[in-house]
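K.L.:
Need the 3D shape of this:
(one chain, ligands or ions: 1)
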Amino acid sequence: METVSKAKSHGGVQGVYRHASKVTGTPMTFAVFVPPQASSGPVPVLWYLSGLTCTHANVMEKGEYRAAAARHGVIIVAPDTSPRGEEMPDEPDNWQFGSGAGFYLDATREPYAANYRMYSYIVDELTALIAAEFPADMKRQGIFGHSMGGHGALTIALKHPDRFASCSAFAPIVQSSTADWSRPALEKYLGADEIAWRTYDAVALIEDGKRFPEFLVDQGAADPFLKTGLRPELLADACKAAGIPLTLNLRDGYDHSYYFISTFMADHIAWHAKRLGL
Ligand SMILES: N[C@@H](CCC(=O)N[C@@H](CS)C(=O)NCC(=O)O)C(=O)O
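P.N.:
Numbering: from 1, shown residues only. A predicted model of the protein is given here:
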């Protein structure tokens, strides 16, 4: 692992790191904030998965998470959203597919299957790297994310309820199989058989029996993608039918941007901190 940059912030350290990923076959960059409490022992880890078009840097620069992370004493990990590079199969004019749009899945279709493996990258490889290289208490992990990253957080948590104590999301894609934003990508990454899509669809996972103790979702009421890409009511219906407690806050006047996310960031970190025993 190579250190790209490191800066003291809120008494802790905001770092950016790069490593050669075996899973994606590319160099991968990620951001980690280590709070001051880590100097006296391992602290819990909160994963933040970003949305379409993002790298590790968007939330690092605009998410305003450091004050709350330093107050509660939690590591924040922000991975990239896809493999990148000149040789990557991609659709450069399409921001909803390829670079910046890995959808937290393992592609099974060519030419994407060799590199577009963000699910295994995060759940296996980056998790092992964080455990090895940072003062992280891996027995206490939470996960959250935005939009495509909200979809990532919900689906990964539903598949790993023993690993994650908490899961929340900002404006998540909740039913990726039918959302405008994700349907074409799932077809290209996973093929036309929609059965294979269900393991990367939060509502379908719940319908198929996966469970998680509870979710927190914040959604801007003025989000232009609310009706076509996001549709939190579908998650509300699925959670209700499954008996999963969901706190869904519809936030009047807020859109889809980091102005919205940063407004509620401290609330989400406090919510996770409580569930991570802080
Ligand atoms: N590029 C799209 C918007 C994409 C978008 O809103 N992406 C969200 C995630 S789904 C984001 O976080 N963008 C990066 C940023 O705001 O820093 C557009 O022009 O409509």
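K.L.:
Where is the longest strand in this protein?
P.N.:
strand 136-146 (DSSP state E).
K.L.:
Can you tell me the strand partners of it and which way each runs?
P.N.:
strand 43-49 (parallel), strand 164-170 (parallel) (DSSP bridges).
K.L.:
could you give the mean pLDDT of the first one?
P.N.:
Pointing back at strand 43-49 there. The average pLDDT within strand 43-49 is 99.
K.L.:
Ok, which of the strands paired with strand 136-146 comes nearest residue 82?
P.N.:
Among these, strand 43-49 comes nearest to residue 82, with 11.6 Å by CB to CB. No exception for glycine: its C-beta is placed from N, CA and C like everyone else's.
K.L.:
What residues sit buried inside the longest strand of the chain?
P.N.:
136-137, 140-146 (16 or more other CB atoms under 10 Å).
K.L.:
List, out of those residues, those positioned next to the ligand.
P.N.:
Applying CB under 6 Å from any ligand atom, the subset of the buried residues of strand 136-146 adjacent to the ligand comprises residue 146.
K.L.:
And the furthest pair within the buried residues of strand 136-146?
P.N.:
Largest separation among the buried residues of strand 136-146 by CB to CB: 137 and 146, giving 24.6 Å.
K.L.:
and the residue nearest to residue 26 when sequence neighbours are not counted, which of the three is it?
P.N.:
Nearest non-adjacent residue to residue 26, counting by CB to CB, 6 or more residues apart in numbering: residue 83, 4.2 Å away. Under DSSP: H, G, I helix; E, B strand; the rest coil, the three-state class of residue 83 is coil.
K.L.:
element containing residue 78?
P.N.:
Element membership of residue 78, judged by DSSP states H and E, is strand 75-79.
K.L.:
what's the answer for residue 13, then?
P.N.:
Per DSSP H and E: residue 13 is located in strand 12-20.
K.L.:
What segments of this structure are helices?
P.N.:
57-62, 66-72, 118-120, 127-133, 148-159, 183-190, 202-207, 232-242, 258-275 (DSSP state H).
K.L.:
Which stretch among those approaches residue 220 most closely?
P.N.:
Closest among the helices of the chain, using CB to CB: helix 258-275, at 4.7 Å.
K.L.:
model confidence over the closest one, on average?
P.N.:
98.
K.L.:
what about the nearest residue to residue 181 once chain neighbours are set aside, how many neighbours?
P.N.:
Using CB to CB, 6+ apart and skipping the chain neighbours, the partner closest in space to residue 181 is residue 229 (4.2 Å). Using other CB atoms under 10 Å, residue 229 is surrounded by 22 other residues.
K.L.:
before we move on, what about residue 46?
P.N.:
Residue 46: 28 neighbours (other CB under 10 Å).
K.L.:
what's the spacing between the residue of the stretch 51-200 of the chain found nearest the ligand and residue 37?
P.N.:
Per CB to the nearest ligand atom, the residue of the stretch 51-200 of the chain with the smallest distance to the ligand is residue 51, at 2.6 Å. Residue 51 sits 29 Å away from residue 37, going by CB to CB, to the nearest Å.
K.L.:
Nice, that's everything, thank you.
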